[in-house]
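# Quick one: sequence and predicted model below, then my questions.
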Amino acid sequence: MINNILPTIALPTTPTLSVAGLQCIRDDRVLFDNLNFSVSGGEVLQIEGRNGSGKTSLLRILCGLALPTEGIVYWQGQDILDLQGDYWENLLYIGHLAGIKVELTPLENLQVTRALASQTTDIDLTDALAIIGLRGFEDVPVRTLSAGQQRRVALARLLVCNVPLWILDEPFTSLDKAAIQMIEGLLDAHAQRGNLVVLTSHHTVNCQQARCLDLND
Ligand SMILES: Nc1ncnc2c1ncn2[C@@H]1O[C@H](COP(=O)(O)OP(=O)(O)OP(=O)(O)O)[C@@H](O)[C@H]1O
């Protein structure tokens, strides 16, 4: 079923995100150094590591929201700092703070997403909320929802944005078992369509195409 929800994105080539010689120093502490990896369409890369090891810092660098102290992030072989908007239009980042407006309703949040996103699906927004488990909560302020429901509002953007690269920071936080399975299904379906996912999670991610990178290794 999930396979039928997500659109097919016409990709000219296999999308690839790679990093070379990445280093991150925070307050004189080296979080990671000489980090090299590549993730291509069809893959789900899970970044692991203990609290404070630099997972969120790495994701922010991959998004171009923070700079590494050394090294380069490449999208399709080009430095993302050179690409800027040409990179960001391929990317959906859902961070710790979820990026939702709590004064707005779930429906209004998705309307904002659709208005601002570079490429969107044509899914009916009410249907997207139903799929994500928020039927009946479309029109209430997000601040009145539970933590798990608020996380679902944030994750509903996966159904609305039509981009190849998903970067997700702890997407399963506050979700119940059924919601975790549903999101894992979305990740699998996204990868099966030739797209890529980079995520952090302290839990084992149950995706067919998942592989792990441990920052503590
Ligand atoms: N803007 C910042 N300025 C200074 N230090 C920072 C900044 N952002 C993060 N740090 C520090 O960098 C370290 C790594 O933080 P980060 O959030 O990347 O870790 P994490 O692996 O995602 O942790 P967690 O598993 O707890 O979410 C922490 O010690 C944090 O205090």
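Perfect, thanks for sending it. Note that the structure is a prediction, hence the values are computed from the model and not measured.
# what does this protein have sitting close to the ligand?
Contacts of the chain with the ligand, taken as C-beta under 6 Å from any ligand atom, map to R26, D27, L31, G49, N51, G52, S53, G54, K55, T56, S57. C-beta: built from backbone N, CA, C; applies to glycine.
# can you pick the most crowded of those?
K55 (25 neighbours; other C-beta atoms under 10 Å).
# Could you check how far the closest residue to that residue other than its chain neighbours is from R50?
Distances taken as C-beta to C-beta, 6 or more residues apart in numbering put T200 closest to K55, at 4.2 Å, once the chain neighbours are dropped. Distance, T200 to R50, by C-beta to C-beta, to the nearest Å: 12 Å.
# In terms of neighbours, single out the busier of the two.
Comparing T200 with R50 by other C-beta under 10 Å, the one with more neighbours is T200, at 23 against 11.
# who are the neighbours in contact with the residue of the chain most remote from its centre?
Within the chain, the residue lying farthest from the chain centre (C-alpha atoms, centre = their mean) is D28, at 28.7 Å. Applying C-beta atoms under 8 Å, 6 or more residues apart in numbering to D28 gives no contacts.
# hang on, the earlier thing: what's the closest of the residues of the chain next to the ligand to N162?
In terms of C-beta to C-beta, no member of the residues of the chain next to the ligand lies closer to N162 than T56, at 25.5 Å.
# Is that closest one in contact with T200, as I believe?
Yes - between T56 and T200 there is a contact under C-beta atoms under 8 Å: 6.9 Å.
# Report the set of residues contacting both of the two.
Common neighbours of T56 and T200 (C-beta under 8 Å, 6+ apart) are D169.
# Identify the contacts common to T200 and R50.
By C-beta under 8 Å, 6+ apart, no residue touches both T200 and R50.
# Dump the top helix by length along the chain to PDB, keeping only the CA atoms.
If you go by DSSP state H, the chain has its longest helix at helix 177-192. Output of helix 177-192 as PDB, limited to C-alpha atoms (Å, rounded to 0.1, in the frame of the first residue of the first chain):
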ATOM      1  CA  LYS A 177       5.000   0.700  17.600                       C
ATOM      2  CA  ALA A 178       2.500   0.900  14.800                       C
ATOM      3  CA  ALA A 179       3.600   4.400  13.700                       C
ATOM      4  CA  ILE A 180       7.300   3.200  13.800                       C
ATOM      5  CA  GLN A 181       6.400   0.400  11.400                       C
ATOM      6  CA  MET A 182       4.500   2.700   9.100                       C
ATOM      7  CA  ILE A 183       7.400   5.100   8.900                       C
ATOM      8  CA  GLU A 184       9.900   2.300   8.300                       C
ATOM      9  CA  GLY A 185       7.600   1.200   5.400                       C
ATOM     10  CA  LEU A 186       7.800   4.800   4.000                       C
ATOM     11  CA  LEU A 187      11.600   4.700   4.300                       C
ATOM     12  CA  ASP A 188      11.700   1.400   2.500                       C
ATOM     13  CA  ALA A 189       9.400   2.500  -0.200                       C
ATOM     14  CA  HIS A 190      11.400   5.700  -0.700                       C
ATOM     15  CA  ALA A 191      14.600   3.700  -1.100                       C
ATOM     16  CA  GLN A 192      13.000   1.100  -3.400                       C
END
